[in-house]
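1. let's see this in three dimensions:
(3 chains)
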Amino acid sequence: MLDQVVFYFFAALAVASAILVVTRRNAVQSAIFLVTALLATAGIFLNLNAEFLFIVQVILYAGGIMVLFVFVIMLVNLDVALHQVQFNRQWFVALIISAVLAAQVAAAIAVSRGSLYTMAPAPAEALEPNTERVAFYLFHTYMLPFEIASILLLVSMIGAVVMAKKRV
Amino acid sequence: MNAIIPFIFPILFALVIVAVLPLIAGYIVLVERKVMADMQVRLGPMRVGPHGLLQPIADAVKLLLKEDIIPESADRLVFWGAPLISVTAAMLALAALPIGPFFQIADLNIGLLYILGVSSLGIFGIVLGGWASNSHYSLLGALRSAAQLVSYETSAGMAIVGALLLAGTLSTRGIVQEQADTGWWFIFVAPVGFFIYLVASIAETNRAPFDMPEAESELVAGYMTEYSGFRWALYFLAEYTNMVVVASIATTLFLGGWLRPFAGTPLFNFLDYFPLLLLLWVAGYCFRRTPKQPVPVQKMFMAAVGLLCLALAAVLTVPVIAPQGSLLASAKPGLHGAFWFLFKVAAYIYVFMWLRFTFPRYRFDQLMRLGWQFLVPLSIVNVIGIALALALHRQLGWPNIVCFPLGIALTLIAAAYLLAAGEKHEHPRVGEEEEEETPVHA
Amino acid sequence: MRRLIESRPVDHPCRHLRDREEVLKIFENYCGARLTTHAFRIGGLQYEAYDELEKDVERFCKEFDKRVDEYESLLTANRIWVGRTKGIGILSAEAAIAMGVTGPVLRASGVEWDLRKAAPYAAYDQYEFSIPTCKNGDTYDRYLVRLEEMRQSRKICLQAIENIPAGPILGKVGKVLKPPPGEVYHAIEAPKGELGYYIVSDGTTQPYRVRIRPPSLINLEALDQMIRGHLVADVVAVIGTLDIVLGEVDR
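-> The predicted structure is shown next:
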């Protein structure tokens, strides 16, 4: 019962924030509502006892990527964007396309309702702590992909630094 | 509703913390002003209340009654929300910190990661506050502050990883438990890690000598320039709550959390009387000052403070004296744990203040250079050193007394090298030819 | 000496204000005013020295020595201080002389020029003191020069207080002054630099022209040369070491 209350709260928050993201004129406000949507999603993760995913979502997505977004938005001149004429002529076509997409998703859910495997969230005591499990898989089973991914990140960091450096 | 019962205590603790924290932050400001005055050989606030003790209340009332000025072209929603984000992020971090063995809102098994994550949400409050004020100085100050925070978060995080390696668990209670089990506080096992965390935490909270973004002589007040009255009070509250959070993290990770010094050894049980002595001393000071107050109301207030200290002393000593196994004695770990935790946090914050009033400010580029070129490499080497020591101990079976000094020595060598390399870069020999004129740039 | 104590670059926490307080207390005991003493009159002094003046000054000077050592230990080798002041705001000796800069700023640039030695006035030729100079002319050198000048001032104070001759404090000067027509320029070595007065008299009781040479204003002119190529944050430090009194600059 508490689970459902928490879920609906976070889900409503996420949907509302997502709607606000696309409807605000002001880019910074959009960014803020995107952060709220991400945090609401993190809340849903926590509700499902996936605590590592929750905190990684907060740290990386909300605390890292969105901070970068907000920096960029602030450093770009926004007055131009605020007063631009908006592209709203094709709203009828957009409505039709979203209706078709919604119908497809609804049909998919209706058809596969019986075969979707849902389970009740496991009680926290029954699960091993998430972090240890993730670490086990990352450093034991998937060690090589992990190392390759970290080298890839290193290369991209060095590339960014080299490209942004002033010519001496 | 059986589902609600496990939530009663955490909600209660949360309410207590949220209610008490602004008062505590206000009194930390008073303590800071008194410490600053003491180091500058003057008295500090003395007028409001006896010995200036009611100064924070006067400040709070003033700030609440001040006119709420919002710049005309400011973005109202963001202007309103930015201080709230700062305060919320700062207070949320307190949820995972153990103030004693029994005073913790939530013992998450990702406790440490949670604190790191929520602290990084505080950056939003600063950046958005600077942007919403619609003024160059605020935006510049906000971006500088955010850049500083992000830079020092890296090295702070790595220092925390060092302690994490030693503890083997992310849960804050587990970390203190590990320090209790091994008998060594982690500051003795990883002193360089503690030092890195100390420096990084000073930069994280925008305190001197890293307070260039808020220095008055540089950018007025940085991102806080356009905020007045209660909104500014919220930012201030966020900053001092951050200080408490950072001190609590350092205490939990490195200084043994709620453990008494020499917790395991019965030989040092006389240290259990330390709270009694401390509070008796404070009470004695209050009673001595009572007759010297000019106004009767102040006399009564001072005497009341003294009595409060005596009451606290009694509350803290009764569990020690009560016979073993009785109900009163079972309150000892909780109460004394809370006392020792708060004492260590207070000591850490005192060191913050001490450093603030001793050192001049770092210039911003020197600050960033220190963060990236000294602290980040040093914290990486620190992690390597600790990991090496642990591996030597666990895999090769070498005794602890050999492994950890080895790790510490490795880190110190790296620190010496980094310092020397930094000096060579930063101080070119004076007396060389002057370079040609270049335009002044900010 | 009080002025020397006051002239600290902005970032330093105010521990030195303690000594400034004690000097001001001595002034207050002497004439009732802390800053605006008005003790000097044409022909001598307005107030007689009070009984404990000698003792107070000697006590202060004895403690001051230790205090200057304390300030030196706090700052001179401090990484942050050195990082913010070394190499900042360099003023070469030729540039200093060309701009007419005087005082500790000039001496830090390498020019050994002090009016107390070059053209002694008052009783300065009877006292034994040295003039600190430095080579590079950056902010750090100006700090070192001022620190050493504090020590030398203390020396002068001790010698002065021991050798006060007996006699009246004010010479015989009429109530109304009527100097002969002509012009005169006399300068003293003030803590900020060369403070000079140029007076033209036409024989009446009112001066025809009086012009004060403001050391702060003239030193400030050199700011442009000193800060080119540095960051905005350094401007604060440089203005601090120039030690200007804005009332003098902004008349």
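
2. which single residue in the stretch 201-350 of chain B comes nearest to chain A?
-> Residue of the stretch 201-350 of chain B nearest chain A, by CB to the nearest CB: B:Y223 (11.7 Å). No exception for glycine: its C-beta is placed from N, CA and C like everyone else's.

3. what score does that residue have for pLDDT?
-> The per-residue pLDDT reported for B:Y223 equals 71.

4. what about A:V134, distance to chain C?
-> Distance of A:V134 to chain C, given as CB to the nearest CB, to the nearest Å: 42 Å.

5. mind listing what that residue touches?
-> A:F52 (CB atoms under 8 Å, 6 or more residues apart in numbering or on different chains).

6. doesn't it belong to a strand?
-> No: secondary structure assignment (DSSP: H, G, I helix; E, B strand; the rest coil) places A:V134 in helix, not in a strand.

7. from A:I65, how far out is it?
-> In this view, A:V134 and A:I65 are 20 Å apart by CB to CB, to the nearest Å.

8. in terms of helices and strands, where is C:F60?
-> helix C:53-75 (DSSP states H and E).

9. I'd like the next helix or strand past that helix.
-> Moving toward the C-terminus from helix C:53-75, the next helix or strand (DSSP H and E) is helix C:79-85.

10. just the CA coordinates of that next one, formatted as PDB?
-> Output of helix C:79-85 as PDB, limited to C-alpha atoms (Å, rounded to 0.1, in the frame of the first residue of the first chain):
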ATOM      1  CA  ARG C  79      52.800  30.100   0.400                       C
ATOM      2  CA  ILE C  80      49.600  31.800  -0.200                       C
ATOM      3  CA  TRP C  81      51.000  35.300   0.700                       C
ATOM      4  CA  VAL C  82      54.100  34.800  -1.500                       C
ATOM      5  CA  GLY C  83      52.000  33.400  -4.300                       C
ATOM      6  CA  ARG C  84      49.800  36.500  -4.300                       C
ATOM      7  CA  THR C  85      52.500  39.100  -3.900                       C
END
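
11. residues in contact with that helix?
-> So helix C:79-85 is contacted by B:209, B:359-363, B:366, B:426-427, C:9, C:11, C:75-76, C:138-140, C:143, C:234, C:237, C:241 (CB under 8 Å, 6+ apart).

12. drop anything exposed from those.
-> B:209, B:359-363, B:366, B:426, C:9, C:11, C:75, C:138-140, C:143, C:234, C:237, C:241 (16 or more other CB atoms under 10 Å in any protein chain shown).

13. for chain B, give me its nearest residue in chain A.
-> Counting by CB to the nearest CB, chain A gets nearest chain B through A:G63, at 3.5 Å.

14. from C:L147, how far out is the residue lying closest to C:Y71 once chain neighbours are set aside?
-> For C:Y71, ignoring the flanking residues on the chain, the nearest one in space by CB to CB, 6 or more residues apart in numbering or on different chains is C:H16 at 6.1 Å. C:H16 is 11 Å from C:L147, where distance means CB to CB.

15. ok, B:E423 next?
-> 23 Å.

16. mind giving me the domain ranges of chain A?
-> As given by automatic domain parsing, the domain ranges for chain A are A:1-84, A:128-168.

17. turn those into CSV, columns for mean pLDDT.
-> As requested, the domains of chain A are exported to CSV (pLDDT from 0 to 100):
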stretch, mean pLDDT
domain A:1-84, 87
domain A:128-168, 87
